[in-house]
Every structure is written in C-alpha cells, then in structure tokens.
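Q: The sequence isn't on hand, but the structure is:
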C-alpha cells in the first residue's frame, strides 16, 4: 500500500465515509489515483470530465464544496455507474492539479470543521504527490541516461565493427516500444530500405519506396522529423512503404539522416499493434538518428578516401604501389599474367612547350585510349610522367602483341592530330609474361621495359 492509499484509508475512517477518492488532472479530465469505497458501482478506471461533474467544479474553481443534503442527480458525481443514494458530498482541491472527494449515505455529516480537517490532508497529499512526481521524473531521467549510455556504447562498438546497425536498431526497439524500425537511404530520388529490425527482412531489404507515394519517404521529402500520432489519418491515405504490403502501421516516428545539411535517409520507428510508441523516447531516438547520420557519413567518406588514395588524380588509373600489390598477389596465386609497358617518349618536351594543364589533358586522353584497347578487366597504372603499365590475363603472346600494335596506332593517330606537335616517334611499348619471362614481379617489369614492340 502506498502512502497515498494510506491517506485515503485514513480519511475514509475519520469521516466514516461511503466513498473516498483522490483525482488528479489530466488535460480536460480527472483520473483516479486512489480510492476506498463500499460501493460496487464505483468505477476507478473511469475518467471524469472537468465540465459537468462536481469533482470537476472543485478543481475548475479551485474552491472547496460541501453539499450536506445532497439532492442532485448522482451522475454529477461521475464516478458511480449506478444509483447509490448518496446524501452528503464534500470536495476539496489540491491546488489546481487534484481534488479529494468524500461522500456519505448520511445527511449533514460534512461541516466547516470537516472541511478544515480535509484541508490538512489536501496539503499533505499534495506534498506527497509532488515528491512522487519528482521521484518519477528522476527515475525516468535515470532510465534515459542508462538507455543513452547503452546506445552510445553500442555506437562505439559499431565504429570498431563489433556490432552492426541491426544491433543498434534492436536496442532502439526496446527504447521506443516500436514493433519494428528501419533505415532508409535515398537513391535516385527514392527511398531504399537499407536495414530493418523487428520483422523479417526478406520483404523489405533493398526494396524501393517511390517518392510521394508512402509515409516512410515523407521524412526524406520534407527534410525534417515526422511524429504521427496513434491511428493518424495519414495511415489511411498512404502505405508505410509500398502500395501492397503486409503491415498496417498505426503510429510512426521518423527522423532524418543528414549530412552537410542534406537529408540522405530516414530512421523510422513503427507500431503496428495496440502498443503506442513512447513519447519519452523521442529525444534519444533523435540522438540515435544523429549518430547514425555521422556513422554513415564517416563510412562513405572512408570509402571515398580508399578509392581516391588508390587512384592517380590525373588519369584515374590506380597508383603504382597498388598495381604492384595486385601483381604480387597474382604471382603468388600462380596465375598466368601479361604486363604491357607503354611510355610516351615525347612527354617531357611536350610539358615544357605546352604547360601542365594541356599535359594533364593529354595523359588523361592516353589513359582513356589504353582502357578502350585493353578492356574493362585490365589493371592500369601510371608509374611516372608518361609511363604506363597494364596487367592482363591474356594467355597467348599473339593476343598481347596485337593489343600493343593496335594501341601504338591509335595513340599515334590521336597525338598526330595535334597541330602543335611535330613528333614522329610517339611511344615505346613492350611486354612480358609470367612465368615464362620471369618468376618475380620486378623481373617482369624490367623485361616488359626491354622487350620493345615496333
């Protein structure tokens, strides 16, 4: 029994009452938090309207009320479902937040003396309610801090690849009270489901949600969070994801994933059952979306960096060190390989005459020609200046020689079209094979440089 219930029993015994009930205000209604009664028709779970009931009058006017000879319709009491033949009523406000009601089947039992005694109870109960409120807020804050700490710990593990985004979403399910949650990422103007937890993923992962046609994409389109209440009319107008889907959403919290002020995705939390999403979880869900934004941003930045650091910025071919590592891997695996060596003999002179930018454009053009001649599976690098190497998996020498001969003609044709150039001897080219010409990578490269193809 709580302290509030003990107060109710004490008041009940002192006044020899038929019913004692304590109500607190919730928006436009009163909710019973404690009661003691002899009645079988007392409905503790019923919300009392402030308008049209005697308890509501007390809290609305913040005044005590005594009716020693009760002759009104008992429906004005609000808390009985049947007739109880009540003869006396007394109500006392607990500030503007609550009310104590006491009734009796005897007339003339409540006087100013009883009202004065009840005022002392009202003060004591108000203080206790305030203590409970502060204690409840402290508990909620503690739970929030514990949840945040657990989530932040998971994000630390996520950055070190010890957990996955799915683990983060699973934790968010418990915090939000959602039945399932998901991550959607923008792709070509639409939303694509990237991760999901709480329901089987087969129906959703990598599926496209068309723009302007579903609720999940509304966050992406609006660029701000969307908090739809339980059974919102939006759920009748639009599906959660697709026009035909197995889930029927009842409540939705959606938070944008943002990078450089651009919304690139959404973290969504959905209820499909009678359970409501927790309004108290909105703050931490917002933080989860923020951390996921930073996680995906850093992930994509790392991927782009990994691409850039292995690419020659002038030609778009791979760095020579990366080329050597891949060549070394092929040799270790015992694969049959072919290396082409292609060097622009005139580049130094061209650079002096034309300058850096025209030279870079020329190198980019030659790299493109090499790519067209050798195919998409060939690995191309530029060691320095105008010296290129190509790694092929062609098994026959004639195939590699044909490529080099064709490449010589194409490069010469393109270079000779430049009227500023008067160059006859355009390129040196050669080739080598593993394992016929050498059993190590540097031997292969040196052999390719020496084995000239006219």
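A: Nice, I can see it. Since the structure is predicted, the reported quantities are computational estimates derived from the model, not experimental observations.

Q: hey, let's count contacts and neighbours off CA atoms from now on
A: Noted.

Q: So residue 367, which state does it fall into?
A: What DSSP: H, G, I helix; E, B strand; the rest coil gives for residue 367 is helix.

Q: close enough to count as contact, it and residue 313?
A: No - applying CA atoms under 8 Å, one finds residue 367 not in contact with residue 313, separated by 11.9 Å.

Q: Same drill for these two, tell me which one is more crowded.
A: residue 367 (22 against 13; other CA atoms under 10 Å).

Q: What are the neighbouring residues in contact with the residue nearest to that one when sequence neighbours are not counted?
A: Leaving out its chain neighbours, the residue that sits closest to residue 367 by CA to CA, 6 or more residues apart in numbering is residue 315, at 6.0 Å. Residues near residue 315 by CA atoms under 8 Å, 6 or more residues apart in numbering: 360, 363-365, 367-368, 382.

Q: Now residue 315: which helix or strand?
A: For residue 315, there is no helix or strand it lies in under DSSP states H and E.

Q: Also residue 166?
A: According to DSSP H and E, residue 166 maps onto helix 165-176.

Q: circling back to that earlier point, redo the contacts of residue 315 as a markdown table? Include pLDDT and distance to residue 333.
A: Below are those laid out as a markdown table (pLDDT from 0 to 100; distance: CA to CA, whole Å):
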| residue | pLDDT | distance to residue 333 |
| --- | --- | --- |
| 360 | 87 | 36 |
| 363 | 87 | 32 |
| 364 | 88 | 32 |
| 365 | 85 | 33 |
| 367 | 87 | 28 |
| 368 | 86 | 29 |
| 382 | 90 | 24 |
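
Q: all helices in this structure, in order from the N-terminus.
A: 3-15, 54-61, 112-159, 165-176, 216-222, 234-237, 282-309, 320-332, 347-354, 356-374, 397-416, 441-450 (DSSP state H).

Q: Nearest residue to residue 339 in space, please, no chain neighbours.
A: With sequence-adjacent residues excluded and distances taken as CA to CA, 6+ apart, residue 339 is closest to residue 391, at 4.8 Å.

Q: correct me, but the one you found touches residue 376?
A: No - counting by CA under 8 Å, residue 376 is not a contact partner of residue 391; they are 11.4 Å apart.

Q: who's more crowded, the two?
A: More crowded of residue 391 and residue 376, by other CA under 10 Å: residue 391, with 24 against 9.

Q: Please name the residues that touch that one.
A: Residue 391 is in contact with 327, 337-340, 378-380, counting by CA under 8 Å, 6+ apart.

Q: quick one: which of the residues you listed sit in strands?
A: Members of the contacts of residue 391 lying in strands (criterion: DSSP state E): 337-340, 379-380.

Q: Dump the residues you listed into CSV; add distance to residue 225 and pLDDT as well.
A: Formatted as CSV, those follow (distance: CA to CA, whole Å; pLDDT from 0 to 100):
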residue, distance to residue 225, pLDDT
337, 55, 87
338, 56, 88
339, 55, 90
340, 56, 89
379, 46, 89
380, 47, 90
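
Q: Now a ChimeraX select for only the buried ones of those residues.
A: Buried members of these, defined by 16 or more other CA atoms under 10 Å, are picked up in ChimeraX with:
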select :337,338,339,340,379,380
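
Q: Residue ranges in this structure under the pLDDT threshold?
A: 136-147, 151, 155, 158-160, 301-302, 304-309, 394-398, 414-425, 452-454 (pLDDT under 70).

Q: Just give me the residue right at the centre of it.
A: Nearest to the geometric centre of the chain sits residue 267, at 3.0 Å (CA atoms, centre = their mean).

Q: residues touching that one, list them.
A: With CA under 8 Å, 6+ apart, residue 267 has these contacts: 181-184, 254-257, 289.

Q: change it to 10 Å
A: Residue 267 is in contact with 169, 181-185, 195-196, 216, 219-220, 225, 253-257, 285-286, 288-290, 292-293, counting by CA atoms under 10 Å, 6 or more residues apart in numbering.

Q: Over to residue 331?
A: 325, 337, 434-435, 439-441.

Q: how about those, which pair is most distant?
A: The most widely separated members of these are 325 and 435, with 17.0 Å between them, by CA to CA.

Q: picking up where we left off before, among the contacts of residue 391, which one sits closest to residue 65?
A: Using CA to CA, residue 379 comes nearest to residue 65 of the contacts of residue 391, at 91.7 Å.

Q: Just the buried ones from the contacts of residue 315?
A: Judged by 16+ other CA under 10 Å, buried ones among these: 360, 363-365, 367, 382.

Q: Turn those into JSON lines, including distance to residue 448.
A: Shown next, in JSON lines, are these (distance: CA to CA, whole Å):
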{"residue": "360", "distance to residue 448": "25"}
{"residue": "363", "distance to residue 448": "21"}
{"residue": "364", "distance to residue 448": "22"}
{"residue": "365", "distance to residue 448": "23"}
{"residue": "367", "distance to residue 448": "18"}
{"residue": "382", "distance to residue 448": "14"}
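
Q: now, which of those sits nearest residue 56?
A: Looking across the buried ones among the contacts of residue 315 and measuring by CA to CA, the closest to residue 56 is residue 364, at 82.4 Å.

Q: which residues touch that closest one?
A: The contact partners of residue 364, by CA under 10 Å, 6+ apart, come to 313-317, 358, 370.

Q: Mind checking which of these are buried?
A: 315-317, 370.

Q: Which pair in those residues has the greatest spatial separation?
A: Among these, the pair separated by the greatest distance (CA to CA) is 316 and 370, at 11.9 Å.

Q: From residue 412, how far out is residue 405?
A: 11 Å (CA to CA, to the nearest Å).

Q: Sorry, wrong one. I was asking about residue 116.
A: The span separating residue 116 from residue 412 equals 110 Å under the rule CA to CA.

Q: out of these two, which sits in the more crowded spot?
A: Just comparing residue 116 and residue 412: by other CA under 10 Å the higher neighbour count belongs to residue 412, 15 against 12.

Q: Check which residues of stretch 35-43 are buried.
A: 35-37, 42.

Q: Of those, which is the nearest to residue 95?
A: Relative to residue 95, the closest of those is residue 35; by CA to CA it sits at 19.1 Å.

Q: what sits against the closest one?
A: Residues near residue 35 by CA under 10 Å, 6+ apart: 4-9, 12, 19-23, 42-44, 100-102.
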